[in-house]
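K.L.:
Sequence first, predicted coordinates after that:
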Amino acid sequence: MNDPEYIFSRFVADLMVAYDLKIIEDIIHGRDSIIDFRVSNASGATAVVETRLYQSLKISLDLWRRAFDQLEALRIKSTSQVGLLVTNARLPTALRAEVPNSITVWDYDVITFLVGSRPGLATEWERISQESFIHRSSPLPEPGQTSVGFIDTPRTPPAPPARSLSSATPGADLCKKLKDIKPGKGNMATAFENTCIDALKYLFDGDLINWTPQKKSFSQLHRYDLIARIASQNDFWNSLVMDHRSRYLIFEFKNYKDRVTQREIYSTEKYLFPQAMRSTAIIISRNGANRNAVQVTHGAFREAGKLILVLDINQVCDMLHRRDRGEDPSSVLAGVIEDMLVGLER
């Protein structure tokens, strides 16, 4: 299986076995699993393990907090002593004090430390890091502060929750709201646009700022449904700035029954201006784009370096659900861009 998340989970399993942790329940079935496995240490203490593979070394604080809440709820449900979050992202120093006492985090630094004395795992970890951080332009850093935890945790009664846990799923609510809106113009189009904006702000509020709806150009000839500026430490968003000259993103919303056509792509392309660091547009359409429209997006990129992505509602909902789970929703956008670049013809 070539799924990167599955490969990472298998690597984590090998790493735990190398440190004499016993896998007592292996429940990896791709990303449909809530947790990946349960393990026990030499003292008999048990942990539920959740692996998270991100495409950026730095992710938003809110994604960390959601991951903690989800894992803590699963730990309580499974009556385990510890919830073990294993990820290739780097835990921010500012967030270390917020990690619940019942949760141990093996982040980029901890994993790099653990594989240091095991050459085979170190090689595999280097490969995983190179392939997952595909948008990173600078070398990977040396490991920083580490606190391994759990390997020597004594067996004790499961700890109660340290605080109230968030069970809200605003992403799922926004997805349902989007799907419930009927295609069409007028009030339905307005409702679709407003819900899309709410969804985007939930998805990327820590990465994009200066959200401005109904923005007009100086000449008053063009009006964008929404424009926002990138202000993120995430590798994906930084790659849009550096590789695609896109400090600003334009969003268009099409509440059509049918797929968008080349006409809508040509119209959106007029808004893009690489010299003004405005080279990327994202069109959210109920049913995506037809074949001719896709070909026009390829031509715009090939001839002028203008990046136009068309997302359907299912892709937006995928991002919303990922956000609810504490995963990075920008990985969906990264996959769309990668598919386009790999398949692009001269």
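P.N.:
Structure received. Since we're looking at a predicted model, the values are computed, not measured.
K.L.:
Quick check: which ranges of the stretch 201-346 of the chain have low pLDDT?
P.N.:
Applying pLDDT under 70 to the stretch 201-346 of the chain picks out residues 215-222.
K.L.:
Please, where are all the helices along it?
P.N.:
Along the stretch 201-346 of the chain, counting by DSSP state H, counting those that start in this stretch, helices occupy 235-244, 262-269, 291-304, 313-324, 330-343.
K.L.:
between those helices, which gets nearest to G44?
P.N.:
Comparing these by their distance to G44 (CB to CB), the top pick is helix 313-324, with 33.7 Å. From N, CA and C alone the C-beta is placed, and that goes for glycine too.
K.L.:
Can you tell me what sits against that closest one?
P.N.:
Applying CB atoms under 8 Å, 6 or more residues apart in numbering, the external contacts of helix 313-324 come out as 63, 66, 169-172, 174-175, 178-179, 196, 199, 202-203, 284, 286-288, 328-329, 331-333, 336.
K.L.:
make it 7 Å
P.N.:
169, 171-172, 174-175, 178-179, 199, 202-203, 284, 286, 328-329, 332 (CB atoms under 7 Å, 6 or more residues apart in numbering).
K.L.:
Mind checking which of the residues you listed are buried?
P.N.:
171, 174-175, 178, 199, 202-203, 284, 286, 328-329, 332 (16 or more other CB atoms under 10 Å).
K.L.:
nearest to T261, of those residues?
P.N.:
R286 (13.5 Å).
K.L.:
ok, the closest one touching K182?
P.N.:
No - under the criterion of CB atoms under 7 Å, R286 makes no contact with K182, lying 9.9 Å away.
K.L.:
looking at the helices of the stretch 201-346 of the chain, which is closest to P4?
P.N.:
Ranking the helices of the stretch 201-346 of the chain by proximity to P4 (CB to CB) places helix 330-343 first, at 9.8 Å.
K.L.:
Report all helices and strands that the closest one contacts.
P.N.:
Packing partners of helix 330-343 (3 or more CB pairs under 7 Å, 6 or more residues apart in numbering; DSSP states H and E): helix 235-244, strand 307-311, helix 313-324.
K.L.:
Just say which of those is most tucked in.
P.N.:
Of these, the one with the most neighbours on average (mean count of other CB atoms under 10 Å) is strand 307-311, at a mean of 23.
K.L.:
Report all helices and strands that it contacts.
P.N.:
Counting contacts by 3+ CB pairs under 7 Å, 6+ apart, strand 307-311 packs against helix 262-269, strand 280-285, helix 291-304, helix 330-343.
K.L.:
Can I get that strand in PDB? Just the C-alpha atoms.
P.N.:
Extracted C-alpha coordinates of strand 307-311, given in PDB (Å, rounded to 0.1, in the frame of the first residue of the first chain):
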ATOM      1  CA  LEU A 307      -3.100  28.700 -10.700                       C
ATOM      2  CA  ILE A 308      -6.900  28.100 -10.800                       C
ATOM      3  CA  LEU A 309      -8.300  25.300  -8.600                       C
ATOM      4  CA  VAL A 310     -11.900  24.100  -8.800                       C
ATOM      5  CA  LEU A 311     -13.300  22.400  -5.800                       C
END
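K.L.:
Strand partners (parallel or antiparallel) of that strand?
P.N.:
Strand 307-311 has the following strand partners under DSSP bridges: strand 280-285 (parallel).
K.L.:
what's the spacing between the residue nearest to T212 when sequence neighbours are not counted and Q214?
P.N.:
Residue nearest to T212 in three dimensions, not counting chain neighbours: I227, with 5.2 Å by CB to CB, 6 or more residues apart in numbering. Distance of I227 to Q214, given as CB to CB, to the nearest Å: 10 Å.
K.L.:
Neighbour count for these two, which is higher?
P.N.:
Comparing I227 with Q214 by other CB atoms under 10 Å, the one with more neighbours is I227, at 19 against 10.
K.L.:
My guess is that one contacts Y248. True?
P.N.:
Yes - between I227 and Y248 there is a contact under CB under 7 Å: 5.9 Å.
K.L.:
re the thing from before, can you redo the helices of the stretch 201-346 of the chain as TSV with distance to T190?
P.N.:
Below are the helices of the stretch 201-346 of the chain laid out as TSV (distance: least, CB to CB, whole Å):
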stretch	distance to T190
helix 235-244	28
helix 262-269	18
helix 291-304	24
helix 313-324	17
helix 330-343	25
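K.L.:
mind checking which of those is nearest N41?
P.N.:
helix 313-324 (30.8 Å).
K.L.:
where's the closest one relative to the chain centroid, distance-wise?
P.N.:
Taking the mean of its C-alpha atoms, helix 313-324 sits 10 Å from the chain's own mean (CA atoms, centre = their mean, to the nearest Å).
K.L.:
the inter-axis angle of that helix versus strand 280-285?
P.N.:
In terms of direction (axes from the mean of the first three to the mean of the last three CA atoms, to 10 degrees), helix 313-324 departs from strand 280-285 by 110 degrees.
K.L.:
Helix 330-343 and helix 313-324, what's the angle between them?
P.N.:
Angle of helix 313-324 versus helix 330-343, following the same axes, to 10 degrees, is 130 degrees.
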